[in-house]
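> Curious how this folds, go ahead:
(2 chains)
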2 protein chains.
Amino acid sequence: MSATVTPRQDSALLILAAVGLALLTILSVWKLKQFKYRLITETGGAMFYGMLVGLMVRCLSFDWGDNKETVCTCVGLNSTPLLLKINVTSHFNRFKHVGRVNHRCPPVSTPHMETFDPEVLFNLFLPPIIFHGAYTLNQKRFIGNLGSVLTFAFLGTIISCVTIGACVYGFTRLMVLLGQAADGDFLLTDCLLFGAIMSATDPVAVLGLLSELHVDLDLHALLFGESVLNDATAIVLTHAITTYSQTGAGHIFDPPAFFLSVGYFLGVLASSFLLGFIFTVITALLTKFTRLCENPLLETSVFFLLSWSSFLSAEASGLSGIVAVLSCGLSQARYTIHNLSSEGRTRTRQLFEVFSFLGEIFIFSYMGYVLLTFPRHVFKALFITGAFLSIFVSRACNIYTFSFLLNLGRTTKIPRTFQHFMMFAGFRGAVTFSLAIRDTSTEVRSTIFTTTLLLVGFTIWVLGTAADPMLRHLNISVGADEEENPEDLSFEVATGGPDTSGGLWHRLDYKYLKPVLTHCGPPLTDSLPQWCGVFARLFSPHVQEDEEQLCGTEPDDSPSDLEKTENQLGSLGGDSGSAHQEDLLEGDLGLGTAPALARDA
Amino acid sequence: MSATVTPRQDSALLILAAVGLALLTILSVWKLKQFKYRLITETGGAMFYGMLVGLMVRCLSFDWGDNKETVCTCVGLNSTPLLLKINVTSHFNRFKHVGRVNHRCPPVSTPHMETFDPEVLFNLFLPPIIFHGAYTLNQKRFIGNLGSVLTFAFLGTIISCVTIGACVYGFTRLMVLLGQAADGDFLLTDCLLFGAIMSATDPVAVLGLLSELHVDLDLHALLFGESVLNDATAIVLTHAITTYSQTGAGHIFDPPAFFLSVGYFLGVLASSFLLGFIFTVITALLTKFTRLCENPLLETSVFFLLSWSSFLSAEASGLSGIVAVLSCGLSQARYTIHNLSSEGRTRTRQLFEVFSFLGEIFIFSYMGYVLLTFPRHVFKALFITGAFLSIFVSRACNIYTFSFLLNLGRTTKIPRTFQHFMMFAGFRGAVTFSLAIRDTSTEVRSTIFTTTLLLVGFTIWVLGTAADPMLRHLNISVGADEEENPEDLSFEVATGGPDTSGGLWHRLDYKYLKPVLTHCGPPLTDSLPQWCGVFARLFSPHVQEDEEQLCGTEPDDSPSDLEKTENQLGSLGGDSGSAHQEDLLEGDLGLGTAPALARDA
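Numbers count the residues shown, from 1 in each chain, chains lettered A, B, ... in the order given. I've put the predicted structure just below:
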C-alpha cells in the first residue's frame, strides 16, 4: 500500500524469504521422496535452494559491489568510538562501528549477510538439533558403545586433525615450490587449524541420514555419538590451536604453549560436560520436588528454557555450548524424563523435533546462500586438492586404525561393512562452517573458508546422495526394526577397557544419581551411609509420602515395575512418533538391566 | 576460560538473560498462584521482572550516558551513505548508518535496546500469540457474537480514538493556557494519533486473564474478538492518521486527505483479511490433496511456516500482519484442521501454545525493561492525567453505548455485569507499545511513548490484578465448564443485523468453501451448477476414490458422522489440554449445526 519500504518491512521480507525457502525445501524434498528419489536429503535440498537464492541475489545486486562504501577522513579523531555522529550536509547522522577494515581484503560481509548474523543463527538453531539428537538417542546402545565412541571422537579426531594438517601442509610446501604462494603464507599452525576445522563431522547431516534410513542401531549409536563428540573435540581443538598460534610460535614447536593448549582442551571439555549436567540436575530437582507436572505447558516451557540455557551459559562463559547441550540432552533423557508427566514427555520430544527439523533446514539453506554471496572467495587449486585428498586419508586413518584396535578388545566386533560406511559417512556441515566463518580476515583464512564450503557442499551432495546405495552395496540392514533383541544385551559388556569404569558409573548412577534426581531406584536411605541420613531423607521425601499423587512416575525400578513403565511410555507416542518413542523406551529399559549386569561383571 | 568477551559470548549472554527472566517469571508466578495469590498474572510478573533488570542495567551503566558518542565532520560528504569507511589514526574503520539525529533530543536508543530490536521481537512473537488465540477460539460463540464483536471493534474503536483524542486535546489546550506547552506543540492530529494508539486493547493480556479464569464463553468471545480486531483497527487508524498528518493538514480539517485515509483504512483491512485467508486456502489445499498427513512432523512444520508467512507477507507488503494472522488462524481452525492427521492437530495446537506462552512473557519483560532503560522519557503531568481520564471515558463511551444499541437487536442481551467487566478489561499491551515505540523522534512522540508505557503498566498491574476480585464481585461465573448446553445454540441467531449476512456466509461456507478446502460438506458436484462440473470433480476427487486411505478425516458431515468426529477429536487431547481441545471441538460442532440453523432462519 505504501510506496516506501520501511526497515520493519525489510526485516519481514527477509524472514519471509527464509520461511519460503524452508517451505520449498520441505515440500520438494518430500515430493521427490514420494517418487522414490530417496537419494535427496533435506540438508542437500536446503543447501541447493540456498544457493539458488544466493545466485539470484548475486545477479540482482552485482552493481552494488563497489559503490556501496564511501571513504572519508574525520579530523581530530584519535580513538575508534562505538557510535559516531557525523555532520552530513548540515544534518547529523548516527553511525555505528561495524569493524576494522583490512587493507588487503574487501569488506568481510555483504549487507544481507549482516541481517542473518551467523552467530545468532547458530545460537538459535544448533542447540535444538544437538539436544534432540541426544535426547532421542538409544541410550543403551550408546552406553554399550561408549568406549568405542569416545575413542573415535577424541583420539580419532586428534589423529584426523594432525593427518589433515600434515597433508595440507605438504601441499602448501608444494605451492611454495611451484611459486603459487610465498614462504610465510601458510604456517603449520594454519594447516593444523584447517585440520581441526575439517575434523568436525556433522551430526545434523548424519542424523538426517540415519533417521531417514533406520540403519542398524549400533551403527547409529557409533556414528551419531562420534559426530556429536568430535564436534566438541574439533571446536576445542580449534580454540586451542588459535591460542597456541597467538603466542607467536608459528613454525617452531613450543612445549609450554602446547601443554597449555592441551590443558585448556581438557578443561573446556570437562567443564562443558559438567555445566550441561548441572542444568539437568536443576531441571530434574525442579520437576521432582514441585508439582509442575500438573501443568504440561509450564513443564514443557521450563524444560525447554533450561535445556537451551545449558547451551547459552556455556557459550557465554567461553565453554563449548555443543558439548554442554549434548551432556544436558543425554542426562535429561536419563533422569528428568522420569519426573515429567506423560503429556510433558510427548510435548518436549515433539517440540524439539520440530525445532531441530526447521533449524537443520535454515542452517543448510544459509550455508548454500553464503557459498554464492560471500564476496571474496579465494580459490587455491592445490590447497583444495590437498584438502580433498586429506579428508579421505584422515578419515581412513581414524576409522580403520581405531576399529582394528578396538576390535582387539570388543567381544562383538565392529564389522568391516560398518567400518566402510563410517569411513564414508564423514559429512561436514554446520559446525565446520561456523568454525571457518568466525575469522575470514586474512587471505589464508579466506582460503580456508572457501575450501571448507566446497568440502561441505561435496560431502553433503555427493556423499550424502551416495549413502543409500552405499548401504545397500555393503548389505547393511536398512529400515531396521528399532525393537531390541534380548541377545543384544551382550553389547553392554562388549568393550574391554571402559567396562570397569562403566560398572562404576552404573553403580553411581543407579545407587545415587537416580534416587536423588528422580523417584526411581533404591531409596537413598538404603544406599547412602548412615551419617548421610538427613540428606537422604531430604531427597526422597515423596517416595514415602505422596507416591500416589505424583503424575505417572513409578517410584521403583524392579523388573515388574519396569514393564509397567514400558507400557505406560509406549502408550503415549501416537502412531507415527513411535520410532523415537521406542528409542526412549529402550534407553529406559537399559537403565534397569545395566546395573545388574555391571554387578555380575 | 578466556578473558576477553567476544560478540558471540555477548549475544549468548543477552539471550541467556532473556531466557533466565522468562524462567524466573514462569516459576515465581506459578509458585505464587499455588499459594492462592491468583491475582498476579504472567504478563504482570514478566513486566515486573523486566523492570527489575532495567533498573539494574540503568544503575550499572549510568556513566555510559554521555560519553558514548563522538561528533565529527566529514569533509566532502554530500549524501548519507549506508556504509562509511573512516580513517581513524591511519586505520580504516567501517561504520554503518543507524539513523538521523534529531537536534532536540538525545539518542533514540541505548546500545542494549538495539540488540533486542523491537521490530524483530514483534515479528517473531506477536504472530503466534494472535494465531493461537484465533486458532483455539470457540468458533461457534465467536460467530454467534460476530455482529457485536465487529461493532465494538470497529465503530467502538473509532469512537474510542476520537474520544481519547478530544479529551487529551482539551488537556493540551489547558497546558498551553498554564504555560506548560507552546501553542504549536500538540496538534489535534497528535492527540488523535495518541487516541488511535491507546485504542488497541491487548489480546495477549486479555487472553492470559480469560484462559486463567475460564470466564463465561460469550464474554470470552466478546472480549477476545474485540481485543484482536480493535488492534487491527487501531494499527490501521494510526497509519491513516500519520498519513493524514504528513499531508501537512495539522489543525485544519482536509476532506480529500480524510477520505484518502478512510479509503486506506478500509483497503488495508480488507486486503489483510484476504491475505490471511489466501494462506489458509494454500494450506488447506496442500493438506487436502497431498499425503502430508502421513508424516506429522512435515505436516506441522508446513502448517506452522505457512501460518507464520501470512503475518510476514502482510507486513512485507505494508498491510496489517495482525489482521492477516487473525484471519488465517480463524480460517485454519475452520477448514485446514479437518485435513490434518489427529497427531497433527494436537501438535499444531501445542506448538502454538508454547510459542504463544513464551512470546507473551518475552514481550512483557521487554516492555518492563524499556520502561526503565528508555533514555529520554518526557513526563508531562497534565498530559498523563488527561490520558488516564480519557481511557476510562472512551472505554465507557464504547462499551455502554454500543451495548445499549446492540441489546436493542439481540435476543440474548449482553448483561449489565458483562458490560461492567468489559469496561474494566480494557488492558493495553504489546500492540499499543509497538505502535508507540515506532517513532520517538520528537518531544511530542516521546511524551506519547512515556504516557503509553505508564498506562500499559497501570492497566496490566492494577486492572489485571483487580480482574479476579472484580469478576467475583460482579457474580460472573468463573471456572466455567467449557461444554456447551444445547440451549445455547439460540446464540447463533442472537444478533439482529448481521444475521442475514451470517446466513449467506454460512451457505457459502457450507456449500462451497468447506467442500473445496476439506473433505467435509456436500459433494461439490451437487452444490455447484452443471457447467462447473470440471471444477467440481477437480476439487473432490478423493471423496470418491480413496476415502478410506486418508488419515482420520471424515468425508461427510451428517449428524451421525459428527459424533464420530467428536469422539475422535476428544480422544487425542490428553488430560490437561482438554480445555482447549474442547474449544476446537465446539467450533467443530458449531460447523455442522450452523448451516441447518441458517437454512431454518
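> Can you show me the helices along the stretch 251-400 of chain A?
Using DSSP state H, counting those that start in this stretch, the helices found in the stretch 251-400 of chain A span residues A:255-289, A:296-316, A:321-334, A:342-373, A:381-409.
> most packed of these?
When these are scored by mean count of other Cβ atoms under 10 Å in any protein chain shown, the highest mean neighbour count falls to helix A:321-334 (a mean of 28). Using the backbone N, CA and C atoms, a C-beta is placed for each residue, glycine as well.
> what's the offset of that helix from the middle of its chain?
Relative to the centre of its chain, helix A:321-334 is centred 11 Å away, using Cα atoms, centre = their mean, to the nearest Å.
> Over to stretch A:259-272?
Its chain's average C-alpha position is 19 Å from that of stretch A:259-272, according to Cα atoms, centre = their mean.
> Could you see whether chain B lies near it?
Yes. For a cut-off given as Cβ under 8 Å from any Cβ of the partner chain, stretch A:259-272 has contacts with chain B, namely A:264, A:267-268, A:271.
> Any chance of those in JSON lines with distance to residue A:216 as columns?
Formatted as JSON lines, these follow (distance: Cβ to Cβ, whole Å):
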{"residue": "A:264", "distance to residue A:216": "37"}
{"residue": "A:267", "distance to residue A:216": "36"}
{"residue": "A:268", "distance to residue A:216": "33"}
{"residue": "A:271", "distance to residue A:216": "34"}
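> need the residues you listed in a markdown table with distance to residue A:414 and pLDDT, can you?
What follows is the residues of stretch A:259-272 next to chain B, written out as a markdown table (distance: Cβ to Cβ, whole Å; pLDDT from 0 to 100):
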| residue | distance to residue A:414 | pLDDT |
| --- | --- | --- |
| A:264 | 32 | 82 |
| A:267 | 31 | 88 |
| A:268 | 29 | 85 |
| A:271 | 31 | 92 |
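> Out of those residues, which comes closest to chain B?
Using Cβ to the nearest Cβ, residue A:268 comes nearest to chain B of these, at 5.9 Å.
> For that closest one, give me its contacts.
Taking Cβ atoms under 8 Å, 6 or more residues apart in numbering or on different chains, we find residue A:268 in contact with A:236, A:239, A:318-320, A:323, B:1.
> Enumerate the residues of the stretch 151-300 of chain A near chain B.
Counting by Cβ under 8 Å from any Cβ, the stretch 151-300 of chain A sits next to chain B at A:264, A:267-268, A:271, A:286, A:291-292, A:294-298, A:300.
> switch to 6 Å and redo it
A:268, A:296-298, A:300 (Cβ under 6 Å from any Cβ of the partner chain).
> low-confidence ranges in the stretch 351-500 of chain A?
A:477-500 (pLDDT under 70).
> What parts of it come near chain B?
Checking the stretch 351-500 of chain A against chain B by Cβ under 6 Å from any Cβ, the hits are A:353-354, A:357.
> Repeat the analysis, applying 7 Å as the threshold.
Neighbours of chain B within the stretch 351-500 of chain A, by Cβ under 7 Å from any Cβ of the partner chain: A:351, A:353-354, A:357-358.
> Same list (these) but as CSV, adding distance to residue B:458.
Converted to CSV, these look like this (distance: Cβ to Cβ, whole Å):
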residue, distance to residue B:458
A:351, 35
A:353, 42
A:354, 38
A:357, 43
A:358, 39
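> now, among those residues, which is nearest to residue A:231?
For these, the closest approach to residue A:231 (Cβ to Cβ) belongs to residue A:357, at 19.1 Å.
> Test my guess that that closest one contacts residue B:300.
No. Judged on Cβ atoms under 7 Å, residue A:357 makes no contact with residue B:300 at a distance of 9.0 Å.
> gap between residue A:279 and chain B?
11 Å (Cβ to the nearest Cβ, to the nearest Å).
> err, residue A:305, not the other one
5 Å.
> now residue A:419
Going from residue A:419 to chain B by Cβ to the nearest Cβ gives 32 Å.
> can I assume that residue is in contact with residue A:400?
Yes. Taking Cβ under 7 Å as the definition, residue A:419 is a contact partner of residue A:400 at 6.2 Å.
> Now for the nearest residue to residue A:470 once chain neighbours are set aside, how many residues are close by?
Spatial nearest neighbour of residue A:470, excluding adjacent residues (Cβ to Cβ, 6 or more residues apart in numbering or on different chains): residue A:424 at 5.7 Å. Neighbours of residue A:424 under the rule other Cβ atoms under 10 Å in any protein chain shown: 18.
> And the one 4 residues further on, by the same measure?
Residue A:428 has 25 neighbouring residues, counting by other Cβ under 10 Å.
> And for residue A:531?
8.
> how near is it to residue A:363?
Residue A:531 sits 52 Å away from residue A:363, going by Cβ to Cβ, to the nearest Å.
> so residue A:179 is in which element?
Assigned by DSSP states H and E, residue A:179 belongs to no helix or strand.
> Can you give me the pLDDT of it?
On the pLDDT scale, residue A:179 is placed at 82.
> Quick check, residue A:308 in contact with residue A:130.
No. In this structure, residue A:308 is not within contact of residue A:130 by Cβ under 7 Å, at 11.1 Å.
> Which residue comes closest to whichever residue of the stretch 151-300 of chain A sits closest to chain B once chain neighbours are left out?
Residue nearest to chain B within the stretch 151-300 of chain A: residue A:296 (5.4 Å; Cβ to the nearest Cβ). Spatial nearest neighbour of residue A:296, excluding adjacent residues (Cβ to Cβ, 6+ apart): residue A:343 at 4.2 Å.
> Read off the pLDDT value for the one you found.
87.
> before we move on, what about residue A:550?
45.
> Look up how far chain B lies from the closest residue to residue A:134 other than its chain neighbours.
Spatial nearest neighbour of residue A:134, chain neighbours left out: residue A:329 (2.9 Å); criterion: Cβ to Cβ, 6+ apart. Using Cβ to the nearest Cβ, we find residue A:329 at a distance of 17 Å from chain B.
> Nearest to residue B:135 among the residues of the stretch 351-500 of chain A next to chain B?
Residue B:135 lies nearest to residue A:354 out of these, by Cβ to Cβ, at 16.1 Å.
> if I pick the closest one, what's in contact with it?
B:297, B:300-301, B:351 (Cβ atoms under 7 Å, 6 or more residues apart in numbering or on different chains).
> overlap between the residues you listed and the residues near chain A?
Among the contacts of residue A:354, the ones lying close to chain A by the criterion of Cβ under 7 Å from any Cβ are B:297, B:300-301, B:351.
> Next, give phi and psi for residue A:201.
Main-chain dihedrals, residue A:201, degrees, to the nearest 10: phi -80, psi 150.
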